[in-house]
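Student: Give me the fold of what follows.
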Amino acid sequence: MHTVRIAGGAQRLALSMLVVCAVLLGLAGQAIASGGSLSGTLVYSDMTPASRVLVFAVPAHVTGVVQPYETLTDAQGEWSLSSITPGEYTVAMIVVPASGTHETRSSQTVNLAEGQSIALGTTNIGTPTVSEAKTAAETRAQLTAELAAVGTITVVVKTAEGKPADGAMLSIQSASAGSTSGVPVSGIVSEKVRPGPVTLSVTDTPPDSATQVSASAQATVEANVTTNVTLTLAASTPLAVPTGITAHNSERDLSYLNAERARWGLPAGLTLNPGWSQACGAHDAYLSANHRLEHPEDSSLPGASPGGEWAGLHSILSGGSDWQAEANPWEDAPIHLDQLYTPDLQVVGIDESRGVACTTTWPGIGPPLQPGGTVITYPSDGTSGFPPSELAGELPFTPGKFVGIKEGTITGRELFVYEEPPSECSALLCAGTKAPSLESATLTGPAGPVEVRTVGGETGEVGSYLTGAIVIPVKPLAPNATYTAEVTLAPNGELPAEQHRWTFRTGPANPSGVWPLWEISPREALPPRRRISKLRITPRAFTDGGRYSGARITYLDSGSGTTSFVVYRSAPGVLVGAQCASAASAAHNRRCSRLSRIYSFSHRDRPGRNSLRLTGRYGQRRLTPAKYLLAVIGFTSISFTVHS
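Tutor: Numbers count the residues shown, from 1 in each chain. The predicted structure follows:
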């Protein structure tokens, strides 16, 4: 450490930081039998005594942690330090006003010999200030007393009907001790709190409601006293669904989901919200009745309901795929699967009926289950049987689109990387709802490094949909082989950069990219699902007028059957919760593409190549100039543009 000569200004920070470090380390003046001494008197500019000013004598020319000699001036402004080891010292006079901001008013360097006593005389330290400085010993004593003097607050939480609220989350905000959030309540909870005023707030989502209900109260905690508070939650508004709607296969599919998450080392133990499941049932009934597969509902169509639309806007949907003991309907839909495997997903609503599957995701993401910064992966370390290949297909796009991987390309199975947010995060603001950004990612197998592409929270439009970052092996992995993955997560708010490494083993080859393999476990013989591939629109941009306007749609179908198409108009939007709203809804939110359904049609396919015209007209109307998305329901999609 170099000798410090401080006149004020920028150099004040250095010794201010030194003061804080000394207090935190609990360093006190050295007590040795011999040495020298220093003394002096401090006055303000009006010549009044400067009392309770902190005086430090810090060894000069020393690196690393040092032990300063410290004292406070008395009521007359006088101070003295004794038993100081001989050497060169920087003596600083530090005022601590009521604001708590340290101000170094004066400093000087002295050389002290063995047995020498140096009187520094009277030092003017400027503007009169009421200093409230404390020595390290005083600070330790104060903290010890504050920590010992705690009270207990017992909170009873009841529903609007007067029953104990099981599963509610309590937040305690104290002026003296900060805040504590995410405390689970099973009717009653007790917490140790420092004395002083506190604000209590509790939230809960009843089983038959889509919205949270809450209650709050003020209380004053006294040392060594138990304070009792009762909070009664507001009445909830049940999700409105058509009469006679019930959920189907909810318990069975939940058991499948928990078993699958446990298999891959992800937190299991998810529970059902019956109201959400019933709402999913309403949305599935609406989709089936109107031959659609989309998230919003058209209130003019049969079966539309507020509860059904809520489920549609907060769920992942699938048509043509079903739940199985080894797999869910979104195995080849990585964005959907990324949400379903969110580590902090704790409550879901599920319905599988009428050829459609619906599972809620965003509303059931709860507080962090592990400390902030914990990295969780799919597959987790030490797991085996990971599918080597994948042919991703989902709407409105696949993650590969954003990193140069064409639709219909068979790649390696995607790896997911999640990071727990800071533990003080509230469930609604940050728990598991933002995918981390990856600074780097590597994957090494039996043949050496594997080329990968990464998609994270910062990746264009897709980042808004993700809760975990995605690592995509560009080519299929080797079957029955061991791989080691390593990622570096970028700093995320209060969380620093983090490195994580894990190993997993692939399972049998699935060269078609389909998962699961039917032969993995005994089951009834099921026909393979149809696959739509090599979807093309030629040309991708065309006009909507004239006899020869329009384009041609071509694709390959692995089997025969009726294929349904929907044309959506694409417009700029912003992400509000799980919904892409109009850009005017929240100008500073993340951008997304807002899709509006225009019309639908179908085609009877034959195995192999199929071709049909896209005229740009439907009924007596025509497509206006804009960007559009052609969705092949249950399979894939492609964009196109109509010019004037």
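Student: Pull the distance from stretch 356-363 to the chain's centre.
Tutor: 19 Å (C-alpha atoms, centre = their mean, to the nearest Å).
Student: Render the CA-only coordinates of that stretch in CSV, please.
Tutor: The C-alpha atoms that make up stretch 356-363 are tabulated as CSV, following Å, rounded to 0.1, in the frame of the first residue of the first chain:
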residue,chain,number,x,y,z
VAL,A,356,-55.9,-32.5,-28.5
ALA,A,357,-53.5,-32.1,-25.6
CYS,A,358,-53.3,-29.0,-23.4
THR,A,359,-51.0,-28.3,-20.5
THR,A,360,-50.6,-25.0,-18.6
THR,A,361,-47.1,-23.8,-18.1
TRP,A,362,-46.4,-20.1,-17.1
PRO,A,363,-49.0,-19.7,-14.3
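Student: Please point out which parts of that stretch sit buried.
Tutor: Across stretch 356-363, burial judged by 16 or more other C-beta atoms under 10 Å covers Val356, Ala357, Cys358, Thr359, Thr360, Thr361, Trp362, Pro363. Any C-beta I mention is one placed from the backbone N, CA and C, and that applies to glycine too.
Student: go on, stretch 500-517?
Tutor: So, applying 16+ other C-beta under 10 Å, buried residues of stretch 500-517: His500, Trp502, Thr503, Phe504, Thr506, Gly507, Asn510, Gly513, Val514, Trp515, Pro516.
Student: Can you tell me the closest non-neighbouring residue to Phe601?
Tutor: Distances taken as C-beta to C-beta, 6 or more residues apart in numbering place Phe565 nearest to Phe601, at 5.4 Å, with adjacent residues excluded.
Student: That neighbour: helix or strand, and which one exactly?
Tutor: Element membership for Phe565 (DSSP states H and E) is strand 561-576.
Student: what packs against that strand?
Tutor: Applying 3 or more C-beta pairs under 8 Å, 6 or more residues apart in numbering; DSSP states H and E, one finds that strand 561-576 makes contact with strand 579-582, strand 591-605, strand 626-632.
Student: Which element is encountered next along the chain beyond the longest one?
Tutor: Okay, so that is strand 591-605. strand 608-614.
Student: low pLDDT regions in the stretch 301-450 of the chain?
Tutor: 320, 423-433 (pLDDT under 70).
Student: Now do the helices in it.
Tutor: 306-313, 334-340 (DSSP state H, counting those that start in this stretch).
Student: ok, now the stretch 1-150 of the chain?
Tutor: Along the stretch 1-150 of the chain, the stretches classed as helices by DSSP H, counting those that start in this stretch are 12-25, 136-148.
Student: contacting residues around stretch 299-310?
Tutor: 210, 238-242, 275, 278-279, 282-283, 285-286, 289-290, 296-298 (C-beta atoms under 8 Å, 6 or more residues apart in numbering).
Student: what's near enough to touch the residue nearest to Phe601?
Tutor: Contact analysis of Phe565 by C-beta under 8 Å, 6+ apart lists Ile553, Ser600, Phe601, Ser602, His603, Leu630, Ala631, Val632, Ile633.
Student: What distance do you get for it to Arg536?
Tutor: 14 Å (C-beta to C-beta, to the nearest Å).
Student: list residues touching both of these two?
Tutor: Ile553.
Student: I'd like the distance from stretch 322-341 to the chain centre, please.
Tutor: With C-alpha atoms, centre = their mean, you get 21 Å for stretch 322-341.
Student: What is the end-to-end distance of it?
Tutor: By C-alpha to C-alpha, to the nearest Å, the extent of stretch 322-341 from end to end equals 17 Å.
Student: And it, what's buried?
Tutor: Residues 323-324, 326-341 are the ones in stretch 322-341 that count as buried (16+ other C-beta under 10 Å).
Student: swap in stretch 455-465?
Tutor: Going by neighbour count (16+ other C-beta under 10 Å), the buried part of stretch 455-465 is Val455, Gly456, Gly457, Thr459, Glu461, Val462, Gly463, Ser464, Tyr465.
Student: Any chance of JSON lines for those, columns distance to Gly307, secondary structure and pLDDT?
Tutor: Shown next, in JSON lines, are these (distance: C-beta to C-beta, whole Å; DSSP: H, G, I helix; E, B strand; the rest coil; pLDDT from 0 to 100):
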{"residue": "Val455", "distance to Gly307": "33", "secondary structure": "strand", "pLDDT": "93"}
{"residue": "Gly456", "distance to Gly307": "34", "secondary structure": "coil", "pLDDT": "90"}
{"residue": "Gly457", "distance to Gly307": "31", "secondary structure": "coil", "pLDDT": "83"}
{"residue": "Thr459", "distance to Gly307": "33", "secondary structure": "coil", "pLDDT": "81"}
{"residue": "Glu461", "distance to Gly307": "29", "secondary structure": "helix", "pLDDT": "78"}
{"residue": "Val462", "distance to Gly307": "29", "secondary structure": "helix", "pLDDT": "82"}
{"residue": "Gly463", "distance to Gly307": "30", "secondary structure": "helix", "pLDDT": "80"}
{"residue": "Ser464", "distance to Gly307": "25", "secondary structure": "helix", "pLDDT": "78"}
{"residue": "Tyr465", "distance to Gly307": "23", "secondary structure": "helix", "pLDDT": "84"}
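Student: between those residues, which is nearest Val53?
Tutor: Closest approach between the buried residues of stretch 455-465 and Val53, by C-beta to C-beta: Gly457, at 49.6 Å.
Student: give the contact list for the nearest residue to the closest one once chain neighbours are set aside.
Tutor: Distance criterion C-beta to C-beta, 6+ apart; nearest residue to Gly457, sequence neighbours excluded, is Ala435 at 3.9 Å. Counting by C-beta under 8 Å, 6+ apart, Ala435 makes contact with Asp338, Tyr418, Gly456, Gly457, Gly463, Leu466, Thr467, Gly468, Ala469.
Student: Ok, Gly460 next?
Tutor: Taking C-beta under 8 Å, 6+ apart, one finds Phe402 in contact with Gly460.
Student: Now it. Its backbone dihedrals?
Tutor: With angles defined as degrees, to the nearest 10, Gly460 sits at phi 40, psi -140.
Student: What pLDDT is listed against it?
Tutor: Here the pLDDT value assigned to Gly460 is 75.
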